[in-house]
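*Asks:* Sequence below, structure please.
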Amino acid sequence: MNETVQEPLLSLTEEAICHLDVIRKWTMFLAILGFIGSGFLVLFGFFFALVLRTFGRSNEFGPIVPALLGVLYVVLGGAYSVPSYFLLRFSSNAKSALATKGNEPLTSALKYLRSFFVFIGVAIVAIIVLYIVIVAGAIAFGILGAMRGAAQS
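*Replies:* All right, here's what the predicted structure looks like:
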């Protein structure tokens, strides 16, 4: 006796479909803004790396600081494009799901939305850890500076 138990399918109400359509439009808008912002970051990176190095004032570090700023901005621009890509894929798959009423594009859309939130969550945790390290370093350097100043007095 081998019975196949079929799990109930999730169905969306008209209101849920309407909400999904609105979400799809907003995520497309945010994805486009994200790509534009990412492009600006990359352009600023090249600006820092090339223009400031060529025309900038000389300092004790030479052209290293503008080059490092340029590389940092290009890397940030690349990293910023990843969540924009996830939003774009969510939006296009959600549009396909709404047009075809199919489960496969909706599943794919939700996969990209999950990837977006995982990426943002990991990025936020990394930034918080970076802030903690920076604050701890600033406190440590402040204490060392105060001890050095007290020892010289």
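*Asks:* Tell me which residues are up against stretch 15-35.
*Replies:* Around stretch 15-35, the neighbours that count as contacts under Cβ atoms under 8 Å, 6 or more residues apart in numbering are 12, 80-81, 83-85, 87-88, 90-92, 94-95, 97-98, 113. Bear in mind the C-beta positions are built from the backbone N, C-alpha and C, glycine included.
*Asks:* Output stretch 31-42 as CSV, restricted to C-alpha atoms.
*Replies:* Once side chains and other backbone atoms are set aside, the C-alpha atoms of stretch 31-42 remain, and they are given as CSV (Å, rounded to 0.1, in the frame of the first residue of the first chain):
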residue,chain,number,x,y,z
ALA,A,31,17.9,47.9,-8.1
ILE,A,32,18.3,50.5,-10.8
LEU,A,33,19.2,53.1,-8.2
GLY,A,34,21.7,50.7,-6.7
PHE,A,35,23.4,50.1,-10.0
ILE,A,36,23.6,53.9,-10.6
GLY,A,37,25.1,54.4,-7.2
SER,A,38,27.5,51.5,-7.8
GLY,A,39,28.6,53.1,-11.1
PHE,A,40,29.2,56.4,-9.3
LEU,A,41,31.3,54.6,-6.7
VAL,A,42,33.4,53.0,-9.4
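*Asks:* shaky segments in this structure?
*Replies:* 1-8, 53-64, 153 (pLDDT under 70).
*Asks:* Now do the helices in it.
*Replies:* The residue ranges that make up the helices of the chain, judged by DSSP state H, are 14-46, 53-55, 64-100, 103-152.
*Asks:* looking at these, which is buried most?
*Replies:* The densest packing among the helices of the chain, expressed as mean neighbour count by mean count of other Cβ atoms under 10 Å, is seen in helix 64-100 with a mean of 18.
*Asks:* quick one: it to chain centroid distance?
*Replies:* 7 Å (Cα atoms, centre = their mean, to the nearest Å).
*Asks:* between it and helix 103-152, how big is the angle?
*Replies:* For the pair helix 64-100 and helix 103-152, the angle between their directions (axes from the mean of the first three to the mean of the last three Cα atoms, to 10 degrees) equals 160 degrees.
*Asks:* which other helices and strands contact helix 64-100?
*Replies:* Contact partners of helix 64-100 among helices and strands, from 3 or more Cβ pairs under 8 Å, 6 or more residues apart in numbering; DSSP states H and E: helix 14-46, helix 53-55, helix 103-152.
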